[in-house]
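Novice: missing the sequence, but the structure's below:
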Ligand SMILES: Nc1ncnc2c1ncn2[C@@H]1O[C@H](COP(=O)(O)O)[C@@H](OP(=O)(O)O)[C@H]1O
Ligand SMILES: [Mg+2]
């Protein structure tokens, strides 16, 4: 498997999906519905999902997408390598029209995200992480390497804009965080990956597709994603329950 070649194809697919999202973002009616789990869904989530499914079809790996058909653990438990996709992460931010939403494509191998692409449609910016190779950020058609930062003191945290939890404060204090920024979607992982923040601790629930591409990007940039709120166990994928527990992202 040539991850670098695959990452180029994923970039093209993510950008095309982002353009489909922007077409809908321009319209007055975003076609908002509420899903059975009470979370919002728009025409853009569906359009992006269609573009990504079509694009990834040529690669012979199964696909787990937030907007795809529900997949029981029995159906996916033997997958060794698969795509984990969030066609539009930060749907609330999309509906609020603040630009803080992303397209996320990750390749998982043996429970670890080994490739991740995150596209930010409104900024036309892309982040790529390839295990064993490194992470890059693309702006104005130029890709530059990015690296995490671990400040000696006055550390900076990123937190969810829509789902921050007071239980996060204790951990931020433990890491000497003196400043926190609220940002929507997987952009938080990107901010740690490019050294704009040192820490992202998430106490509340997310799904595996919300974190897979972000974890690949931040780890390829030199960071680490841990399960829970300690530095003991790495964060793994294709769990029986796709609901993530709390996790800790550090720029080291
Ligand atoms: N109660 C809940 N259960 C599961 N996932 C939740 C959740 N509340 C929020 N999320 C996840 O958090 C994501 C948004 O993260 P953030 O708050 O960092 O922007 C959502 O992604 P989507 O917007 O793709 O649905 C959603 O998957
Ligand atoms: Mg999401």
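Specialist: Yes, it's here. Every value quoted in this text rests on a predicted model; they were computed, and no experiment measured them. Ligands and ions are numbered 1, 2, ... in the order given.
Novice: the residue of the stretch 51-200 of the chain found nearest ligand 2 and residue 80: what is the separation?
Specialist: Closest residue of the stretch 51-200 of the chain to ligand 2, CB to the ion: residue 89 (3.6 Å). All C-beta atoms are positioned from the backbone trio N, CA, C, and that covers glycine. With distances taken as CB to CB, to the nearest Å, residue 89 is found 25 Å from residue 80.
Novice: just want to know which of the two has more residues nearby.
Specialist: The neighbour comparison of residue 89 against residue 80 (other CB atoms under 10 Å) goes to residue 89, with 27 against 11.
Novice: tell me the pLDDT at that one?
Specialist: Per-residue confidence (pLDDT) for residue 89: 98.
Novice: show the contacting residues for it.
Specialist: 101, 102, 103, 104, 185, 186, 209, 210 (CB atoms under 8 Å, 6 or more residues apart in numbering).
Novice: phi, psi of the first one?
Specialist: For residue 101, the backbone dihedrals are phi -130, psi 160 (criterion: degrees, to the nearest 10).
Novice: hmm, back to that, quick check: the farthest pair among the contacts of residue 89?
Specialist: Farthest-apart pair in the contacts of residue 89 is 101 and 209; separation 13.6 Å (CB to CB).
Novice: show me which of those two is the more surrounded one.
Specialist: The residue with more neighbours, out of residue 101 and residue 209, is residue 101; 29 against 25, by other CB under 10 Å.
Novice: contacting residues for the closest residue to that one other than its chain neighbours?
Specialist: Closest residue in space to residue 101, ignoring its immediate chain neighbours: residue 90 at 3.6 Å, by CB to CB, 6 or more residues apart in numbering. When contacts are counted by CB under 8 Å, 6+ apart, residue 90 touches 100, 101, 102, 184, 185, 186, 187.
Novice: hmm, which of these are the buried ones?
Specialist: 100, 101, 102, 184, 185, 186, 187 (16 or more other CB atoms under 10 Å).
Novice: mind giving me a markdown table with those residues and columns for pLDDT?
Specialist: Putting the buried ones among the contacts of residue 90 into a markdown table (pLDDT from 0 to 100) gives the following:
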| residue | pLDDT |
| --- | --- |
| 100 | 98 |
| 101 | 98 |
| 102 | 98 |
| 184 | 98 |
| 185 | 98 |
| 186 | 98 |
| 187 | 98 |
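Novice: next step: these restricted to strands.
Specialist: Per DSSP state E, strands hold the following members of those: residue 102.
Novice: which residues of the stretch 51-200 of the chain lie near ligand 1?
Specialist: Residues of the stretch 51-200 of the chain lying close to ligand 1 by CB under 6 Å from any ligand atom are 66, 86, 89, 90, 91, 92, 160, 162, 163, 184, 185.
Novice: the last one contacts residue 101, doesn't it?
Specialist: Spelled out, it's residue 185. Yes - using CB atoms under 8 Å, residue 185 is in contact with residue 101, at 5.3 Å.
Novice: what do those two both touch?
Specialist: Joint contacts of residue 185 and residue 101 (CB under 8 Å, 6+ apart) are 89, 90, 93.
Novice: leaving out the residues flanking it, which one is nearest to the first one?
Specialist: Distances taken as CB to CB, 6+ apart place residue 185 nearest to residue 89, at 4.4 Å, with adjacent residues excluded.
Novice: and the one you found, what does it touch?
Specialist: Applying CB under 8 Å, 6+ apart, the residues contacting residue 185 are 89, 90, 93, 100, 101, 102, 210.
Novice: still on that earlier bit, report the beta-bridge partners for the residue of the stretch 51-200 of the chain closest to ligand 2.
Specialist: On the basis of DSSP bridges, residue 89 is bridged to residue 102.
Novice: and the residue nearest to residue 111 when sequence neighbours are not counted, how many neighbours?
Specialist: Sequence neighbours aside, residue 236 is the residue nearest to residue 111 in space, at 4.3 Å (criterion: CB to CB, 6+ apart). Using other CB under 10 Å, residue 236 has 15 other residues around it.
Novice: quick check: residue 236 is in a helix.
Specialist: No - assessed with DSSP: H, G, I helix; E, B strand; the rest coil, residue 236 is coil; it does not lie in a helix.
Novice: fine by me, we can end here.
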